[in-house]
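Enquirer: Give me a model of this one.
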Amino acid sequence: MHIILLSAATIAPPSILFSFVSLSATTAAQQQQQQQQQQQQQQQQQQQQQQQQQQQQQQQQQQQQQPQQQQQWGYVKKVPSAGECFYVHQISRQRLQHRCSCCYIHNLQQQQQQQQQQQEEQQQEQQQEQQQEIATHRRGMAAASLGQQQQQQQQQQQQQQQQQQQQQQHHHHHQRQQQQQHQQQHQQRQQQQQQQQQQQQQQQQQLLGSRC
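Expert: Coordinates of the predicted model:
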């Protein structure tokens, strides 16, 4: 009987093998999610670096354009009777008549205001894009964390099921052992009773033989 119990214990039930396979699959899925998150972070860093480089290039272009824009307006001649100055745009060749004190300064102020507005609009667009990227990244992180939590819960449930199955198997095994022990005890009792009956029969036969 001892040999039969040891051989039954060495054989692993299929439920334990299935649990090992499911645990290995969940760990592989977690590793893939972590790799995807790292790749997303690297892509975001690269995008931020590209945006910074674009901003620097825009600033350099604006700095180069400012002296050219200042040189586009030139003084032509002064009309003594009217006391006004004529300015000719060097590119479009448009002749504009304004007062000497305000014309050139006014044009420069308008150009500077337009440049500032363009820069502000570009900065706002970049900020909105960055905020959208951050929001999508946070959503992705939240979804990934939810997926990890669900996987952890599934693993815990699987572990609990495995423990319950092992406990049930142990309980059944213990019950079988008890049943086998009871059967053995019952058989031993029957054998003892048979031996006692045989002894009694032998004693009776001996008594009868002695009387004869």
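Enquirer: pLDDT averaged over the one helix or strand residue 129 maps to, what's the number?
Expert: Assigned by DSSP states H and E, residue 129 belongs to helix 103-211. Mean per-residue pLDDT for helix 103-211: 84.
Enquirer: Tell me which other helices or strands that helix touches.
Expert: Judged by 3 or more C-beta pairs under 8 Å, 6 or more residues apart in numbering; DSSP states H and E, the packing partners of helix 103-211 are helix 2-10, helix 14-71, strand 84-89. C-betas here are computed from N, CA, C, even on glycine.
Enquirer: can you do 10 Å?
Expert: Helix 103-211 sits against helix 2-10, helix 14-71, strand 73-79, strand 84-89, strand 95-98, with contacts defined as 3 or more C-beta pairs under 10 Å, 6 or more residues apart in numbering; DSSP states H and E.
Enquirer: tell me the mean pLDDT for the longest one?
Expert: Translated: helix 14-71. Averaged across helix 14-71, pLDDT comes to 73.
Enquirer: How about the fourth one?
Expert: Strand 84-89 shows an average pLDDT of 48 in the prediction.
Enquirer: same deal with the last one?
Expert: Per-residue pLDDT over strand 95-98 has a mean of 48.
Enquirer: likewise the first one?
Expert: Summarised as a single mean, pLDDT over helix 2-10 is 45.
Enquirer: contact partners of stretch 55-65?
Expert: With contact meaning C-beta atoms under 10 Å, 6 or more residues apart in numbering, stretch 55-65 is reached by 69, 111, 115, 118-119, 122-123, 126.
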